[in-house]
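1. Here's a sequence, model it:
(one chain, ligands or ions: 1)
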Amino acid sequence: MLSREDRRPVIRTASLDTVSMLMLPLRLFLIKLVMDQIQRWNLPTSTHETLLFACTGLAALMTAAAFIGSSSLLMHTRIFEIGTLLKERIIVDTTARLPLRALESPTVQDARRRALLYAPDAVCLEGLSFLIQSVQAILLIGIICLLGCWPLAVGLLLLGCGQSWLYAAIGSRLERSQTKQAASLRLADHLHRLLIAKSSAQEIRVFSLHTLLQQRWLTYNQDASRQNERAIARSERQKLLPELSFSLISGVAILIIMLAGSSASSSAGDYVVLFQCVTLLAGAIPGAVKQIGSLSQMAVHFNNNNAYLQLAEDSATHPHNGTVTNSVEPIGLRVEQVSFRYDHADDRPAAIDSVSFEVEPGTKIAIVGDNGSGKSTLVKLLLGLYRPDEGVIQWETSQGTCQAGDPAYRTAAVFQDFNRFQLRLRDNVAIGDVTKVNDDDAIHAALAKAGVSRPHTPLNDMIGTAFGRFDLSGGQWQKIAASRAFISKNSFLVFDEPTSALDPQAEREAFANFLQAAEGQTAVLVTHRLGAAKLADTILVLKDGRLIEQGTHAQLIEAQGEYERLYRLQAAWYA
Ligand SMILES: Nc1ncnc2c1ncn2[C@@H]1O[C@H](COP(=O)(O)OP(=O)(O)OP(=O)(O)O)[C@@H](O)[C@H]1O
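-> Numbers count the residues shown, from 1 in each chain. Reported below is the predicted structural model:
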């Protein structure tokens, strides 16, 4: 997964750490040499050249250590950057593979939040550092044994092992308790975004919501922080006794060495090296032990990250994940006994309930019905964004039938909640067909079809206040969103209430343009304007998720059912 370029800093850090670890026995040897030479200063066997050699060696080692330290810091920064990008890329790729329904689930949002805590760079650096510290501890123990103090070394090692086991248990327990706060933190994040976003600022001010929302945001944050503090305090209490006993035993060990030193028959060099080894070991063992604690916390993060990746593996491969589409052949729709529920645990009626219909390729369909009757849900099912819980939705093509959402066929949709991309005007239009991003004629033609014959800004200007100089009105944005559907021909075109923000004149033009643009394509228009719906080849009337009427305008008026009632109501209103 990592490129050769990305692996390089990891290899360099490992090499630098290994070199610095191997320098330890050499440093101890040179220290021993210096001390022994100083002890023998006045003896005739003393050679000043040896002392000079040892001191020069020590100075060279110190210079090398400083160089390794600064190179290592540089590599750590690079590994951090690579790790952060890698983690975010994995999350972005996994999220793109998840079905739309999973993305809307709070459980999946919490799983993503937890997955983001995994830091591959920290695992790599902590893992390396743990390995180096452990090998260093083994080296020190070996040297202490060579100097004849093996019971001391074994005692410190056993104590360190006991501590490691305890720290690992405490680390993963702490992480699990922090994991439980994901839901509170998600709510806190949502409130925080509301409190600072431009889109919510006007309602917050008009309804004076600031204090209320801020209070709730603080409460969720404080709850999470209190739980966190309690978990940390508990884990620190559990570490206290082992840490105290280790410090005590290390202190006793150092004292014994000092006492032994005064009566020792061994050389001054042996004594200093032994003293250094024990003090270094007293630091290295707790260091390695603490790394076991944080590695076990990272293991929990790693599992959380895998659990999120697994969500994408478990769900059937989703068709809408960026595959290039080519065919613009109009598709037919076959919908058979389709039912769909957003939340299976919810006992409310299904959003779509046993809906069946069939249309020929190139048909213009209007979907009408009350608010909440399931119109938007049905178009998302027809586009393959959701999979039905029951029944089948198929696209009929000249090649046979395929699953709704097949990426081989080009689709376009203008949703009610379309996105206001803070990009150049040309990018905003070319979202409908990215191959035409530099085709000014095609972009101008698409804009004209959407009712923007003279664009508000040059095509290369950024729109939206996040990065641009000005913003568009709601209706202007809606026209830009509509132009995305007009830039190329499609197999299947969806307009889900695309005119809600347009003035009456623009709305009339928009409907005329939609019908013209839909020529030769299968198109669905979701609308509350029955005047526009009557121009469709077939009208589907939904109520409480069920398809209650289907036919042409004339047929439905003649049937004198729900459509006729709604049509009469609207006609009376506009009369
Ligand atoms: N993301 C969602 N999660 C859970 N329930 C949803 C979701 N979206 C819609 N619903 C529910 O599904 C039902 C149908 O909603 P849908 O948006 O399809 O209606 P609609 O006919 O398009 O409404 P409108 O005319 O108001 O746009 C509603 O009861 C709604 O509460």
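2. How about the residue of the stretch 101-250 of the chain found nearest the ligand, nearest residue that isn't a chain neighbour?
-> In the stretch 101-250 of the chain, the residue that lies nearest the ligand is residue 104 (4.7 Å; CB to the nearest ligand atom). Backbone N, C-alpha and C define where each C-beta goes, glycine included. Distance criterion CB to CB, 6 or more residues apart in numbering; nearest residue to residue 104, sequence neighbours excluded, is residue 342 at 7.4 Å.
3. what does residue 179 give?
-> Counting by CB to CB, 6+ apart, the residue nearest residue 179 is residue 114, at 5.6 Å.
4. Could I get the average pLDDT for the helix or strand containing residue 513?
-> In the assignment (DSSP states H and E), residue 513 maps to helix 504-517. The average pLDDT within helix 504-517 is 76.
5. next one: stretch 278-293
-> Mean predicted confidence for stretch 278-293 is 79.
6. cool, and stretch 105-117?
-> So the average pLDDT for stretch 105-117 ends up being 84.
7. quick revisit: now for the residue nearest to residue 104, how many residues are close by?
-> Residues contacting residue 342 under the criterion other CB atoms under 10 Å number 15.
8. again, but for residue 364
-> 20.
9. Same question for residue 120.
-> 22.
10. Touching, it and residue 85? I think so.
-> No - using CB atoms under 8 Å, residue 120 is not in contact with residue 85, being 9.8 Å away.
11. show me the contacts for residue 65.
-> Each residue near residue 65 by CB atoms under 8 Å, 6 or more residues apart in numbering is listed here: 20, 23.
12. rerun at 10 Å
-> By CB atoms under 10 Å, 6 or more residues apart in numbering, the residues touching residue 65 are 19, 20, 23, 27.
13. I'd say the third one and residue 67 touch.
-> No - with contact taken as CB atoms under 10 Å, residue 23 and residue 67 are classed as non-touching, separated by 11.4 Å.
14. Of those two, which one has the most company?
-> residue 23 (17 against 11).
15. Just give the number of residues close to the closest residue in space to that one that isn't next to it in sequence.
-> Nearest residue to residue 23, sequence neighbours excluded (CB to CB, 6+ apart): residue 61, at 5.7 Å. Look at residue 61: counted by other CB under 10 Å, it has 17 neighbours.
16. same question, residue 21
-> Neighbours of residue 21 using other CB under 10 Å come to 15.
17. Quick check: it vs the ligand, distance?
-> 55 Å (CB to the nearest ligand atom, to the nearest Å).
18. Check which helix or strand that residue maps to.
-> helix 4-39.
19. Which other helices and strands does that helix contact?
-> Here helix 4-39 is seen to pack against helix 48-97, helix 120-146, helix 268-314 when contacts are counted using 3 or more CB pairs under 10 Å, 6 or more residues apart in numbering; DSSP states H and E.
20. Confidence-wise, which of those is weakest overall?
-> Among the helices and strands packed on helix 4-39, helix 268-314 carries the lowest mean pLDDT (a mean of 81).
21. what angle do that one and helix 120-146 make?
-> Relative orientation of helix 268-314 and helix 120-146, computed by axes from the mean of the first three to the mean of the last three CA atoms, to 10 degrees: 150 degrees.
22. In this structure, which residue is most central in space?
-> residue 91 (3.9 Å; CA atoms, centre = their mean).
23. That one contacts residue 120, doesn't it?
-> No - the pair residue 91 / residue 120 is not scored as a contact, 11.7 Å apart, by CB under 10 Å.
24. what residues are shared contacts of those two?
-> residue 305.
25. Get me the contact residues on the stretch 51-200 of the chain for the ligand.
-> Within the stretch 51-200 of the chain, the positions adjacent to the ligand are residue 104 by CB under 6 Å from any ligand atom.
26. Check which helix or strand the residue nearest to residue 290 when sequence neighbours are not counted maps to.
-> The shortest distance from residue 290 to any non-neighbouring residue, by CB to CB, 6+ apart, is to residue 167 (6.6 Å). Using DSSP H and E, residue 167 sits within helix 150-179.
27. just the angle between that helix and helix 268-314, please?
-> 30 degrees.
28. For helix 150-179, name the packing helices and strands.
-> helix 106-115, helix 120-146, helix 210-263, helix 268-314.
29. any chance of those in CSV, with distance to residue 554 too?
-> Below are the helices and strands packed on helix 150-179 laid out as CSV (distance: least, CB to CB, whole Å):
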stretch, distance to residue 554
helix 106-115, 46
helix 120-146, 64
helix 210-263, 52
helix 268-314, 48
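30. Need the pLDDT of the closest residue in space to residue 246 that isn't next to it in sequence.
-> With CB to CB, 6+ apart as the criterion, residue 246 has its nearest non-adjacent residue at 5.5 Å, and that residue is residue 159. Model confidence at residue 159, given as pLDDT, is 75.
31. What number of neighbouring residues does residue 159 come out with?
-> Residue 159 has 19 nearby residues by other CB under 10 Å.
32. Please apply the same query to residue 397.
-> Neighbours around residue 397, by other CB under 10 Å: 18.
33. does it have beta-bridge partners, and which?
-> Legend: beta-bridge partners of residue 397 under DSSP bridges are residue 400.
34. mind starting the numbering at 649 from now?
-> Okay, using 649 as the starting number, the last item reads as residue 1045.
35. I figured it was touching residue 977, is that so?
-> Yes - under the criterion of CB under 10 Å, residue 1045 makes contact with residue 977 at 6.1 Å.
36. Need the three-state assignment for residue 847.
-> Of the three states, residue 847 takes helix under DSSP: H, G, I helix; E, B strand; the rest coil.
37. Could you check how far it is from residue 1119?
-> Going from residue 847 to residue 1119 by CB to CB, to the nearest Å gives 11 Å.
38. Please apply the same query to residue 1016.
-> 32 Å.
39. Residue 687 now?
-> From residue 687 over to residue 1119 (counting by CB to CB), the distance is 81 Å.
40. For the chain, what lies in contact range of the ligand?
-> Residues of the chain lying near the ligand (CB under 6 Å from any ligand atom): 752, 990, 999, 1017, 1019, 1020, 1021, 1022, 1023, 1024, 1025.
41. Highest neighbour count among these?
-> residue 1023 (26 neighbours).
42. hmm, back to that, dump the residue contacts of the residue nearest to the centre of the chain.
-> Residue 739 neighbours (CB under 10 Å, 6+ apart): 760, 763, 764, 766, 953, 956, 957.
43. let's see 7 Å
-> For residue 739, the contact set (CB atoms under 7 Å, 6 or more residues apart in numbering) comprises 760, 763, 764.
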